[in-house]
Every structure is written in structure tokens, then in C-alpha cells.
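Asks: Predicted model, plus sequence, below.
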Amino acid sequence: MKKMKTITKSPATILSRLMHFLGMMLTVAFMLPVVALSQSSPAPVNLGTAGNFVILAKTGISTTGTTNITGDIGVSPAAATYITGFGLIMDASGTYSTSSLIIGNVYAADYTSPTPTKMTTAVGDMQTAYTDAAGRTSPDYSELYTGDLTGKTLTRGLYKWSTGVSIGAAGVTISGSATDIWIFQIAQNLTVANGAIVTLSGGALASNVYWQVAGQVTIGTTAEMKGIILCQTGIAMNTSATLNGRALAQTAVTLDANSVIQPATVTAVENNLLVPQKFVLFQNYPNPFNPSTRIQYSIEKPAQVSLKVYNVLGNEVATLVNSRQEAGSYTVTFNTNKATYSLSSGVYFYRLEAGSFVSTKKLILLK
């Protein structure tokens, strides 16, 4: 019989190979996406009548440049003179005014009754909602990533920071279903960098994301923000930034050529509400447009949804939606001021694909 050869490795060799193996494991770990996993889905924050406004403030709302707002805005206890840059046109009733920059109405504390009472109630509901969001206990995460959410993916849950929170240019992803809830408790400022995108994936809705901020909220140039902002101080949106959500501030909201649109909500049969009965793609408004327009659509059942814009040659120029969405009605803003587009005047087409449903409509950009 042949004798088996015994190979003896020195302790130094074994240690070297072990260190090599551990190094490989660490490399793999750092290559994996950073995801915050949480177990709970908090109850939604009740906005009360504050939820009737896309922008609500106590001391003023101002804009420069060409801002586009979908939804009602209002101030109280400040008077209408503290709503500046909108070119307000008073309605004959004296209870509200309108603006060419707003698809919706404008309300102020000094308008004709019953508007003052309406505004007092809305501001009170805003403060109550802020207190509710700030008072939630037993967070799933405390001081996560030391407040720097850049490049992270956040699942449903309650998050708490005793510091400020920042989102760098690489953005952040909020991932979950249309019924999941996110509450972010931030004790200081929230800063969203220039060009940063808050991405919603997996069907997550902006109407279910709550940013409770004790300090200042600053949304950088061309950044894309999503969610309900409940701010104890001021909200400032820099040039061409967009917000799909609500800006509810206990001081002022300042805008600069921004797009602000109230978030889509999902209606569910189990809540005894009506869902859309068919798939529909509506004509964009305004049309012709410059620099932004809004596209509305409805889907009658959950589906993978794609909404893209093409030029007359059939080349894709923009992807507005590419995710799975629940049954409901949605509104998306197409803002040609974004650096990634660089489009010239002309005719374009937008195409919605939702499951087997396909529809295409024409839009016109006039610069």
C-alpha cells in the first residue's frame, strides 16, 4: 500500500489564507446594495384638512420664475399680501383667488368668510399632524447611517435622527408597496443636494412618505423630492427643483421656478372606495407647454407601468415612470428644464404601457 502524504502548513500560511478569504468576503459585502430593512409599517399620519393643500404655510408663500403648482395653496394667519409672485386674481366671491401658475385655488386668512375659519382649521390640523409624526415612539431605526442617506435604499418603517439628514447627489430609494408607510423623524435640518432624486420603487407612494423636520428643509437645484413635508420652520426649493407631495410649513415656503404636484393616492376596494374602472391616458396639460406639463393616467389593476416620451423620429427622450404600480389615478410632471433632456421646440409623443394596455398621445413644446 502507498502511504498517504501528509501536508503540513505553517501557521503563517494558514493565517495568510484566512486573511485572504476574509478580504474577499468584505469585498463582496461592500459591493452589495445598502438596504435598510424594517419590520413594521406605521399607521399613516392624519393630515386632516391640511391634506387639502399642496402648499400650506403660516407666514407666507413666495415664488420667482415660472413655477407650476397642481393643487390648492394657502396661508394663515398671514394675509394674501404674503403670497407673492403668483399674480393673484380674486374670485368674485372673495373667498379664494386664482393664478396662471396654479391648477387649483389660493386661500388666505383675510379672504371672505368662511375662508378664515377654513384656514385656521387647516393650520391647526397641520400642527397636529406634525406633533403626531414627531411623537411616534419605538423607531425601527435610530441615527441610521449617521443621517447621510445618499445611495441608500429604505424600506417601510419609523426612522429617527437627533441630528440633521442629508441626501447627496446620488439620491435615495424608498422601496415598498402602495400600502407601506414611512415616517422620518428629523430633529434638525433636511438637505437635498442639487440634482438628487428621491426614487420610489416597488409601488411606493409619495402620499405614504412623511418627512417630519424640526429645522429647515432645503431642496437643491433640479432635485426631485417625494413625500409629505411636515416642517416646523421653513421650506426652500431652489431653481427647477420638483416636489411630488405636499409642503406644509409652520413658517414660510419659498419657490424658484419649481414644479409642485399633489401626490397620487391609491383607492382600494377593501376600503369601500371605488377604483378606476379602466386604463386611461389623458391629454397633458398645459399643451402646448414650456417648460413643464402634467400627464395624468388611471390604471384599473396592479401592473408594471412605463411612461416614456419620444420625438417624431421615434427616439426615446425621457422615461417618466418605470415601476410596478397599484390600481389608482396618477399625475406625473414632465419638466424639460432638467439637464438630462435638452429638448428643442417641436412635437413629441408620450406613451403609456400598463400590462397589455398601450396608449400614445401628442404633446407640443414651445420655447
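Replies: Yes, it's here.
Asks: ok, and for stretch 163-172, which residues are buried?
Replies: For stretch 163-172, burial by neighbour count (16 or more other Cβ atoms under 10 Å) applies to 164-168, 171-172. Backbone N, C-alpha and C define where each C-beta goes, glycine included.
Asks: Correction: the previous question concerned stretch 102-116.
Replies: Neighbour-count burial for stretch 102-116 flags 102-111, 115-116 (criterion: 16+ other Cβ under 10 Å).
Asks: For residue 60, see how far away the nearest residue to residue 116 once chain neighbours are set aside is.
Replies: Distance criterion Cβ to Cβ, 6 or more residues apart in numbering; nearest residue to residue 116, sequence neighbours excluded, is residue 109 at 5.4 Å. Using Cβ to Cβ, to the nearest Å, we find residue 109 at a distance of 11 Å from residue 60.
Asks: joint contacts of those two?
Replies: Both residue 109 and residue 60 are contacted by 75, 78, under the criterion Cβ atoms under 8 Å, 6 or more residues apart in numbering.
Asks: which residue is nearest the centroid of the protein?
Replies: What sits nearest the mean C-alpha location of the chain, by Cα atoms, centre = their mean, is residue 226, with 0.8 Å.
Asks: Now do the contacts for that one.
Replies: So residue 226 contacts 174, 198-200, 206, 209, 243-245, 263 (Cβ under 8 Å, 6+ apart).
Asks: what about residue 63, which SS state?
Replies: Under DSSP: H, G, I helix; E, B strand; the rest coil, the three-state class of residue 63 is strand.
Asks: ditto for residue 358
Replies: Criterion first, three-state DSSP; result for residue 358: strand.
Asks: what pairs with it across the strands?
Replies: residue 353 (DSSP bridges).
Asks: how about the closest residue to residue 188 other than its chain neighbours, what does it touch?
Replies: Among residues not flanking residue 188 along the chain, residue 164 sits closest, at 3.8 Å (Cβ to Cβ, 6+ apart). The neighbours of residue 164, taking Cβ under 8 Å, 6+ apart as the test, are 147, 186-191, 215.
Asks: Give me the domain ranges for this protein.
Replies: Under automatic domain parsing, the residue ranges defining each domain of the chain are 48-261, 269-365.
Asks: now the end-to-end length of the first one.
Replies: Counting by Cα to Cα, to the nearest Å, you get 19 Å between the two ends of domain 48-261.
Asks: try stretch 55-75
Replies: Termini of stretch 55-75 sit 9 Å apart (Cα to Cα).
Asks: how about the buried residues of stretch 163-172 in TSV, adding distance to residue 70 and secondary structure?
Replies: Shown next, in TSV, are those (distance: Cβ to Cβ, whole Å; DSSP: H, G, I helix; E, B strand; the rest coil):
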residue	distance to residue 70	secondary structure
164	29	coil
165	27	strand
166	28	strand
167	24	strand
168	28	coil
171	23	coil
172	24	strand
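Asks: ok, these vs residue 318, which is closest?
Replies: Of all these, residue 318 sits closest to residue 171, with 17.3 Å by Cβ to Cβ.
Asks: does that closest one really touch residue 151, like I thought?
Replies: Yes - the pair residue 171 / residue 151 is scored as a contact, 7.5 Å apart, by Cβ atoms under 8 Å.
Asks: Lowest mean pLDDT among the helices and strands, pick that one out for this protein.
Replies: When the helices and strands of the chain are compared on mean pLDDT, DSSP states H and E, helix 11-31 comes out lowest with a mean of 51.
Asks: Residue 125 in helix, strand or coil?
Replies: Of the three states, residue 125 takes helix under three-state DSSP.
Asks: Quick check, pLDDT for it.
Replies: You'll see residue 125 listed with a pLDDT of 96.
Asks: And the helices in the stretch 101-250 of the chain?
Replies: All helices of the stretch 101-250 of the chain, identified by DSSP state H, counting those that start in this stretch, fall at 115-135.
Asks: returning to what we had before: and the buried residues of stretch 163-172, which two are the farthest apart?
Replies: Spatial extent of those (Cβ to Cβ) is set by the pair 164 and 171 at 17.3 Å.
Asks: Not counting sequence-adjacent ones, nearest residue to residue 120?
Replies: Nearest one to residue 120, counting by Cβ to Cβ, 6+ apart, is residue 76 at 6.0 Å.
Asks: How about the contacts made by that neighbour?
Replies: Counting by Cβ under 8 Å, 6+ apart, residue 76 touches 58, 107-109, 116, 119-120, 122-123.
Asks: quick one: low-confidence ranges for the stretch 251-367 of the chain?
Replies: 264-277, 338-340 (pLDDT under 70).
Asks: ok, residue 56 touching residue 126?
Replies: Yes - the criterion here is Cβ under 8 Å, and residue 56 meets it with residue 126 at 5.7 Å.
Asks: Please identify every residue contacting each of the two.
Replies: Residues touching both residue 56 and residue 126 (Cβ under 8 Å, 6+ apart) are 50, 248.
Asks: can you pull the contacts of the residue nearest to residue 116?
Replies: Counting by Cβ under 8 Å, 6+ apart, residue 109 makes contact with 75-79, 115-116, 119-120.
Asks: so what pLDDT did it get?
Replies: Residue 109 carries a pLDDT value of 97.
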